[in-house]
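In: Dropping the sequence and predicted coords here.
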Amino acid sequence: MLQAEFKEDAHYIEQINRLRKERNAVILVHNYQRPEIQDIADFIGDSLGLSRQAANTDADVIVFCGVHFMAETAAILSPDKIVLLPDLQAGCPMADMITPEKLIQTKNKYPDAVTVCYVNTSAEIKAESDVCCTSTNAVEVVNSLNGRQVLFVPDEHLGRYVANKTGADIILWPGFCPTHKRVLAQDILDAKAKHPGAKVVVHPECTHEVIDLADEALSTGGIVKYVSQTDAKEIILGTEMGMVYRLQTDYPNKRVYLATEKLICPNMKLTTLDKVAAVLENMQNRITVPEDIRLRAKGSLERMLEIS
Ligand code: 13P
Ligand code: SF4
């Protein structure tokens, strides 16, 4: 890092540390965030861990370093807190692949199905769903439904993975994560040829061709746990590149290879130190959810939290 950049970062970090105390703020950070953002986290984790933190914190302000649906989930679970998103453009393209109108139409086609929505959805979609899930607990949530037919939205790949794991009758929605879809089976084969002793761990948002070649398909929190427990010294990683920093920081004795440089989520990279400092200074970019939608969306999130 250049000397000038280092000085600038130090200036923002000092400002953030002062303001987080003054505002009684907590900084929640997703595992895919930039290294310098991971370094300022009060809590870093996956979607499930972050939802739990958002529901239980006694801070007045939550600065959410992630994407829009994550901040919205925090606002649904903690309506009395001020939830700030450092960059309002940080969305999730997968979450935008479903609309409430289309979901209602499809639900009408399958009146007996239970609607399970991935947490990567808007508050409106959560409000229209019976129960929410994250990639950590999707299998557990579907297993809890006693064999009922499931309409799983919006991630086709996670839905297929859950169907294979549970044997449940799952109607898939044609949504996907553009970042994880970029990993090809050939990328995994090439990485394996280069690092024959390595274990392959991928995210269940990857295609089934990629999942089939992996030793494990796990949420980002699951990947951290796996790396902490495995005897393997080398890991080929099939998820967003931010995880490499997370794993190398926590487990410096392991070697982590990204399956392909294409594994970057541009939305996750929009959060920068200057933006975190700015929202804390100006208390801007507050995320709120209309109360009628919030209460219905909270129902599906709470059902998930009860199950897992
Ligand atoms: P998890 O951290 O819950 O595995 O989710 C990954 C993801 O893509 C979030 O957008
Ligand atoms: Fe959405 Fe994929 Fe980015 Fe996660 S990694 S926020 S699913 S686009």
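Out: Ah, there it is. Ligands and ions are numbered 1, 2, ... in the order given.

In: Would you mind listing what in the stretch 51-200 of the chain touches ligand 2?
Out: Within reach of ligand 2 by Cβ under 6 Å from any ligand atom, the stretch 51-200 of the chain has these residues: 67, 92, 93, 94, 120, 177, 178, 179, 180. Quick note: C-beta positions are derived from backbone N, CA and C, even for glycine.

In: what about 5 Å?
Out: Applying Cβ under 5 Å from any ligand atom, we find that the stretch 51-200 of the chain lies next to ligand 2 at 67, 92, 94, 177, 179.

In: neighbour-wise, which of those residues leads?
Out: In terms of neighbours by other Cβ atoms under 10 Å, those top out with residue 67 at 27 neighbours.

In: which residues sit in contact with that residue?
Out: Contacts here follow Cβ atoms under 8 Å, 6 or more residues apart in numbering; on that basis residue 67 touches 30, 90, 91, 92, 95, 267, 268.

In: returning to that earlier point: how about the residues of the stretch 51-200 of the chain next to ligand 2 in a markdown table, adding secondary structure, distance to residue 5 and pLDDT?
Out: Supplementary listing: these in a markdown table, determined by DSSP: H, G, I helix; E, B strand; the rest coil; distance: Cβ to Cβ, whole Å; pLDDT from 0 to 100:
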| residue | secondary structure | distance to residue 5 | pLDDT |
| --- | --- | --- | --- |
| 67 | coil | 25 | 98 |
| 92 | coil | 28 | 98 |
| 94 | coil | 32 | 98 |
| 177 | coil | 30 | 98 |
| 179 | helix | 26 | 98 |
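
In: give me the low-pLDDT residue ranges for this structure?
Out: Residues of the chain meeting the criterion pLDDT under 70: 1-3.

In: all helices for the stretch 51-200 of the chain, in order.
Out: For the stretch 51-200 of the chain, the helices defined by DSSP state H, counting those that start in this stretch cover 68-77, 100-109, 123-127, 138-143, 156-166, 178-181, 185-194.

In: can I get the ones you listed in a markdown table with distance to residue 14?
Out: Formatted as a markdown table, the helices of the stretch 51-200 of the chain follow (distance: least, Cβ to Cβ, whole Å):
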| stretch | distance to residue 14 |
| --- | --- |
| helix 68-77 | 25 |
| helix 100-109 | 43 |
| helix 123-127 | 35 |
| helix 138-143 | 41 |
| helix 156-166 | 40 |
| helix 178-181 | 33 |
| helix 185-194 | 40 |
